[in-house]
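Participant: Show me the folded form of this:
(one chain, ligands or ions: 1)
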Amino acid sequence: MKKYLLVILTCFVVNTASAQDFPNKSYQSNYETIMNRTEWWRQARFGMFIHFGAYAVPASGEWFKSNKKLTTEEYQKYIDDFNPDLFDARKWAKLAKEAGMKYAVLTAKHHDGYCLFDSKLTDYKISTYMPERDLVREYLEAFRAEGLKVGLYYSVIDWHHKDYPNVGNHPQREDEGYGKQKFDWDNYLKYMHGQVEELVTNYGNIDIMWFDYSFGEYKGEKWKSRELIEMVRKHQPDIILNNRLVGDGGSSIFDAEYPLGDFNTPEQQIPEAPIKDQYGNLIPWETCLTLNNSWGYKATDSDWKSPQLVIHTLVNCVSKGGNLLLNVGPNAKGVIPEPSVKILQEVGKWMSKNGESIYACGIPELPKTDWGRYTQNGNKLYAHWMYPHLGGINIKGYAEKTKQVILLHDGSEAHTFTSWWGNQNKDNFFINVKAYPHFAYQLPDDIDTVFRLELKNVESDQ
Ligand code: GLC
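Facilitator: Below is the predicted model of the structure:
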C-alpha cells in the first residue's frame, strides 16, 4: 500500500514538474530539438577557438583597425603583408587533439571583413594574395582528419564592406563624411547571407556555426536572422549555432517562436551556477576564453594563464553543465605562439589521465566544496581535489552509496576512511591518497587530483 501511494505521489511530482518546465508545446519541441542537436557537443565539453587573420601582422589583436580608427586604405598594408608561410593546419589540429579538445572553431571572417576562405563574392580574401590557398578548407580537412568536430566563426559585423554603415565600433564611427554616404543595407545582407551560404555549401559537413555579434538595434531580424538560419539549416540540418545573432537577451532560447541559436556564450567569464531559464530548465552554454588577454595575436601580451588555471576553469565549467572554448591566436606566419603550445600540452597531460571526469560529464548531485568541485556522469561521481586541504576530503553522506573509489592518476584504489572527528554523521567518509597516519599532502597531481566514486545503482545493486 505504501509503495502504491509512493508511485502515485511520484507521478504527480513528475507531471507537475514537466507542466511547469514546458510552458507550451512549441517550447517543449524547441527544448527537445536543441537538447538532441547539442548532445554530442555537450559531451565534448572542450574545444579550441582560433582567431587568425591579417590583424596578426600589426600584432595588436583583432580590433586593431577599430581601435586605431584606420581607414581601409590604411589597413591595406597589413593585408598585403599577411603571408602566413608557416601555416600548417595539421599542426594546429594535432595540438588541439593533444590538449584533449574535441572540436574547434576558426574565424572564417572577423570584423575586419578579410576572408580566410575563397569567397566568390569578394576579392578581400586570402586567395587573392596566396593563389590556390583556402585556409578554411585546409583547416577543416586537417581537424576532421584528427577526428575533431569543426566549426566556423563568422562576423556579421563588417568594417570593410561598402554597404556596412559606420555604426557601433566601426573604425570610421567618428567620420561624419563617411557617415553621409549611402549604405545599401539589403545589399550588405545579400553579401553576408551569400557568404554564409558559401560556407555551409562548399565545405562538407560543418558542425558548428559561431556568429558574432549583435548590439543595439543590430540584432535578430536586422540581420534577417530567421531567413539566414533557415537557409543554414536547409543545407546543414544538424549544425549547432551560438546565440549571438540575438545577443544574450536574457529570455530563454527555447521560448522563441523560432530559436536563433542553440547555446549561450558567456565571454571571459564563468557563470556562478548552471545557466537556467525562467522555467528552471538548463540552457546549453559555452564559455569562450583567451589564453592571455587577446583573441587575435598580440605580440606584447604575455599575461598567460597557467595550465592549472585552465584546468580548474574547465572543471568549473563542466561542473555547471557548460563547455570551454579556449582560444589561440596564431601569429602572422601561421604559428601558434610557443607559450600557448606549452600550456595546451600541459593541459593535455592532465586530460590524458583525467579526461573521463570531463567528457560526457555535467552537473553533479553534490554541491561544490572548499577543496574543489565534483563532476558526474551517471553513477560515476568525480571528486576533483583542486585546492590544498589537510587530512583528506570529506564526501558527506556517501559512505553507504559508494561502491569503490579509484584514483584516476594511476587507476589505483584510493584510501577511504571514517574519522572519529567530523563523522557525527556515520554516512560520511573521507578520501586521501595515503592512509592515516601518513596522509599525503603532496598530491600525485598538484593541479587537480581526481577520484572516481562508483556509486551504487540503487535499483539494481541493493
Ligand atoms: C567579441 C569580440 C571579438 C571576439 C569575440 C570572441 O565579440 O568582438 O573580437 O572574436 O568576442 O567571443
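Participant: Would you map out the domains in the protein?
Facilitator: Listed domain ranges for the chain are 25-357, 372-455 (source: automatic domain parsing).
Participant: gap between the two ends of the longest one?
Facilitator: The stretch domain 25-357 measures 35 Å between its terminal residues, going by C-alpha to C-alpha, to the nearest Å.
Participant: Residue ranges in the stretch 301-450 of the chain under the pLDDT threshold?
Facilitator: 422-423 (pLDDT under 70).
Participant: Could I get the contacting residues of V328?
Facilitator: When contacts are counted by C-beta atoms under 8 Å, 6 or more residues apart in numbering, V328 touches 48-51, 92, 291, 336-337, 340, 344. To be clear about C-beta, it is placed using only N, CA and C from the backbone, and glycine gets the same treatment.
Participant: TSV please, covering those and showing secondary structure.
Facilitator: Below are the contacts of V328 laid out as TSV (DSSP: H, G, I helix; E, B strand; the rest coil):
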residue	secondary structure
M48	strand
F49	strand
I50	strand
H51	coil
W92	helix
L291	coil
I336	coil
P337	coil
S340	helix
L344	helix
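Participant: contacts with the ligand among these, please.
Facilitator: By C-beta under 6 Å from any ligand atom, the members of the contacts of V328 lying near the ligand are H51.
Participant: Tally up the residues packed near the residue of the stretch 351-462 of the chain found nearest the ligand, please.
Facilitator: The ligand sits closest to I358 of the stretch 351-462 of the chain, with a gap of 21.6 Å, by C-beta to the nearest ligand atom. Counted with other C-beta atoms under 10 Å, residues neighbouring I358 total 26.
Participant: before we move on, what about L121?
Facilitator: 15.
Participant: Can you tell me how far it is from H193?
Facilitator: Per C-beta to C-beta, to the nearest Å, L121 is found 10 Å from H193.
Participant: elements contacting whichever strand or helix holds Y153?
Facilitator: Here Y153 sits within strand 149-155, counting by DSSP states H and E. Helices and strands touching strand 149-155, by 3 or more C-beta pairs under 8 Å, 6 or more residues apart in numbering; DSSP states H and E, are helix 39-44, strand 46-50, strand 103-109, helix 135-145, helix 185-201, strand 208-212.
Participant: isn't A59 right up against K298?
Facilitator: Yes: using C-beta atoms under 8 Å, A59 makes contact with K298 at a distance of 6.1 Å.
Participant: What parts of the protein come near the ligand?
Facilitator: Counting by C-beta under 6 Å from any ligand atom, the chain sits next to the ligand at 51, 62-63, 212-213, 267, 288, 295.
Participant: so where's the stretch 1-150 of the chain shaky on pLDDT?
Facilitator: 1-20.
Participant: mind listing what whichever residue of it sits closest to the ligand touches?
Facilitator: With C-beta to the nearest ligand atom as the measure, E62 is the residue of the stretch 1-150 of the chain nearest to the ligand, at 4.8 Å. Going by C-beta under 8 Å, 6+ apart, E62 touches 51, 53, 55, 107, 110-112, 294-296, 329.
Participant: what's the closest residue to it other than its chain neighbours sitting at in phi/psi?
Facilitator: Distances taken as C-beta to C-beta, 6 or more residues apart in numbering place G296 nearest to E62, at 3.3 Å, with adjacent residues excluded. With angles defined as degrees, to the nearest 10, G296 sits at phi -80, psi 160.
Participant: Who are the contact partners of G296?
Facilitator: Contacts for G296 (C-beta under 8 Å, 6+ apart) come out as 51-53, 55-56, 61-64, 110, 329.
Participant: Over to I50?
Facilitator: 92, 104-107, 139, 327-330.
Participant: again, only using 10 Å
Facilitator: 89, 92, 96, 104-107, 116, 139, 143, 151, 153, 295, 327-330, 336 (C-beta atoms under 10 Å, 6 or more residues apart in numbering).
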